[in-house]
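# Show me how the following folds:
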Amino acid sequence: MQISRKIRMIVAAGALAALWIPAGCDSTGKAPPQAGPMEVAVAEIRPQRVAITTELNGRTSAYLVAEVRPQVGGIIQKRLFREGSDVKAGDVLYQIDPATYEAAHASARAVLARAEANISTTRVRAERYKELVEIKAVSRQEYDDATAALKQAEADIEAGRAAVETARINLAYTRVIAPITGRIGKSSVTVGALVTASQGIPLATIQQIDPVYVDVTQSSASLLRLQQSLASGTLKRDSANRAKVRLILEDGTTYPQEGTLQFQDITVDPTTGSFILRIVFPNPKHVLLPGMYARAVLEEGVNEQAILVPQQGVSRDPKGNPTSLIVDAEGKVQQRLLVLDRTIGDQWLVSSGLAPGDRVIVEGMQKVRPGASVKAVPYNAGKRGEGKAAAPPAEKSN
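This is a model prediction of the structure:
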């Protein structure tokens, strides 16, 4: 009992001694060193020359398309091509039974020969009656009848020649030829099938895919923004590169050949608010096939004083507005409300909110608040994304 009582007295004495130690001091009675300002990594804003591009979605289409249809009716005797092969303009694709057309051609030639044989005597009679009517050996009526008969015979010859030409054309149409050079698809008929002139279903379809079209859509709103940027001088046109277009295929690879912008449609689709841009790409290896999905990268212009900020230096406030924290000249944190344009690599292109020389906090922004004092150190970005602008961001910029 006496030992326990002594222990309680020692503990109480220690507690009283602890109460005499001043607040904020350690066991030695000295105050601990105060923590310095929070260290943050900042990126200084420096204007850069950036080529502004836009990514537009679209699909490929054939440069030329010809649906092969018969121009005369009959039975298919032969198919003279291999499905999926390349054909040249003028190649015979199908042979229609020509028997009836050969007979029609021979009949028209016979009618023409008969008309040419009859005109000789009719012409001689008209010339003779012309001399006799002058000496009143024949009546004027007989001369007029002879002249009319000559004109009728001449008209019969012209009609006969036209009939022969028509029969010849119809006979030639029994050989269905390729109207263009390209790759032919599957045949919709087989040997022995009956076809009719100008039928609705084509016999086959030929497509020329070298070069190939890429039709993309662009919104009218983006076109208006581009025109405003050019008018204000923010963007400048680079005529040397504007006509060139890069293509990204649906597997994410870049097509090795550059395309050329051919035309821009002047009509806006009222249902989508967009219009069509047509681009021509060389396709010597037939990598691009009609109907493929692709993304075209078009250069809109060049921003000589572009302000770029790393993406990790931009956050969103509760209302969804993009903001950044900067360190001012006094080492204080300030918040800036930004207007973003699009992404360029791993950086944002800023339309307003930042100025050259601003130091944007890139690392450590979660640990500081506006008004706090911080220690700014340079941000080591490594290799920053350089190059041309990517497509506009999916989220809405303010």
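
# helices or strands next to the host helix or strand of residue 360 in the packing?
In this assignment (DSSP states H and E), residue 360 forms part of strand 359-363. Helices and strands touching strand 359-363, by 3 or more Cβ pairs under 8 Å, 6 or more residues apart in numbering; DSSP states H and E, are strand 38-44, strand 293-310, strand 322-327, strand 374-378. Quick note: C-beta positions are derived from backbone N, CA and C, even for glycine.

# CA-only coordinates of that strand, as CSV, when you get a sec.
Written as CSV, here are the backbone C-alpha positions of strand 359-363 (Å, rounded to 0.1, in the frame of the first residue of the first chain):
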residue,chain,number,x,y,z
ARG,A,359,2.5,31.8,-63.4
VAL,A,360,-0.2,29.1,-63.4
ILE,A,361,-0.1,26.5,-60.6
VAL,A,362,0.2,23.0,-62.2
GLU,A,363,1.2,20.9,-59.2
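
# now, of the helices and strands packed on strand 359-363, which is deepest in the fold?
strand 322-327 (a mean of 22; mean count of other Cβ atoms under 10 Å).

# which outside residues touch that one?
By Cβ atoms under 8 Å, 6 or more residues apart in numbering, the residues outside strand 322-327 that reach it are 40, 42, 309, 313-317, 333-340, 348, 353-354, 358-361, 365, 368, 370, 374, 376, 397-398.

# repeat that for 7 Å
40, 42, 309, 313-317, 333-338, 340, 354, 358-361, 365, 368, 374, 376, 398 (Cβ atoms under 7 Å, 6 or more residues apart in numbering).

# And what about residue 179, helix, strand or coil?
For residue 179, the assignment made with DSSP: H, G, I helix; E, B strand; the rest coil gives coil.

# Pretty sure it sits against residue 64.
No. Using Cβ atoms under 7 Å, residue 179 makes no contact with residue 64, being 9.2 Å away.

# Skip the chain neighbours and tell me the closest residue to residue 284.
Nearest non-adjacent residue to residue 284, counting by Cβ to Cβ, 6 or more residues apart in numbering: residue 210, 5.8 Å away.

# what do you get for residue 104?
residue 167 (4.7 Å).

# try residue 71
Per Cβ to Cβ, 6+ apart, closest to residue 71 is residue 173, 4.4 Å.

# any idea where the strands of the stretch 101-250 of the chain begin and end?
175-177, 182-184, 194-195, 204-219, 244-249 (DSSP state E, counting those that start in this stretch).

# on contacts alone, who are the packing partners of the fourth one?
Using 3 or more Cβ pairs under 7 Å, 6 or more residues apart in numbering; DSSP states H and E as the contact definition, the elements that strand 204-219 packs against are strand 48-68, strand 182-184, strand 274-281, strand 293-310.

# Nearest to residue 163 among those would be which one?
strand 48-68 (27.5 Å; Cβ to Cβ).

# tell me the average confidence for that closest one?
For strand 48-68, the mean pLDDT works out to 90.

# That strand: what's the following helix or strand?
Per DSSP H and E, the helix or strand that comes after strand 48-68 is strand 74-79.

# what lines up beside that next one in the sheet?
The pairing partners recorded for strand 74-79 under DSSP bridges are strand 92-96 (antiparallel), strand 194-195 (antiparallel).

# Can you lay out those as JSON lines showing mean pLDDT, mean neighbour count and distance to residue 329?
Output for these, formatted as JSON lines (pLDDT from 0 to 100; neighbours: other Cβ atoms under 10 Å; distance: least, Cβ to Cβ, whole Å):
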{"stretch": "strand 92-96", "mean pLDDT": "97", "mean neighbour count": "19", "distance to residue 329": "80"}
{"stretch": "strand 194-195", "mean pLDDT": "96", "mean neighbour count": "16", "distance to residue 329": "85"}
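
# Just send the ones you listed back as a markdown table, with distance to residue 103 too.
Below are the strands paired with strand 74-79 laid out as a markdown table (distance: least, Cβ to Cβ, whole Å):
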| stretch | distance to residue 103 |
| --- | --- |
| strand 92-96 | 14 |
| strand 194-195 | 19 |
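
# Of those strands, which is nearest residue 280?
strand 92-96 (27.4 Å).

# Quick one: residues contacting the residue nearest to residue 284.
282, 283, 284, 286.

# which one of those residues has the most neighbours?
When the contacts of residue 210 are compared by neighbour count (other Cβ atoms under 10 Å), residue 283 ends up highest, at 21 neighbours.

# Verify the stated contact: that one with residue 213.
No. Using Cβ under 7 Å, residue 283 is not in contact with residue 213, being 9.9 Å away.

# how far away is residue 263 from residue 278?
In this view, residue 263 and residue 278 are 5 Å apart by Cβ to Cβ, to the nearest Å.

# Show me which of the two is the more surrounded one.
Per other Cβ under 10 Å, whichever of residue 263 and residue 278 has more neighbours is residue 278, with 16 against 10.

# Report the spatially closest residue to residue 368, excluding sequence-adjacent ones.
Nearest non-adjacent residue to residue 368 (Cβ to Cβ, 6+ apart): residue 333, at 5.1 Å.

# quick one: the nearest residue to residue 183 once chain neighbours are set aside from residue 208, how far?
Distances taken as Cβ to Cβ, 6+ apart put residue 86 closest to residue 183, at 5.3 Å, once the chain neighbours are dropped. Using Cβ to Cβ, one gets 10 Å for the distance from residue 86 to residue 208.
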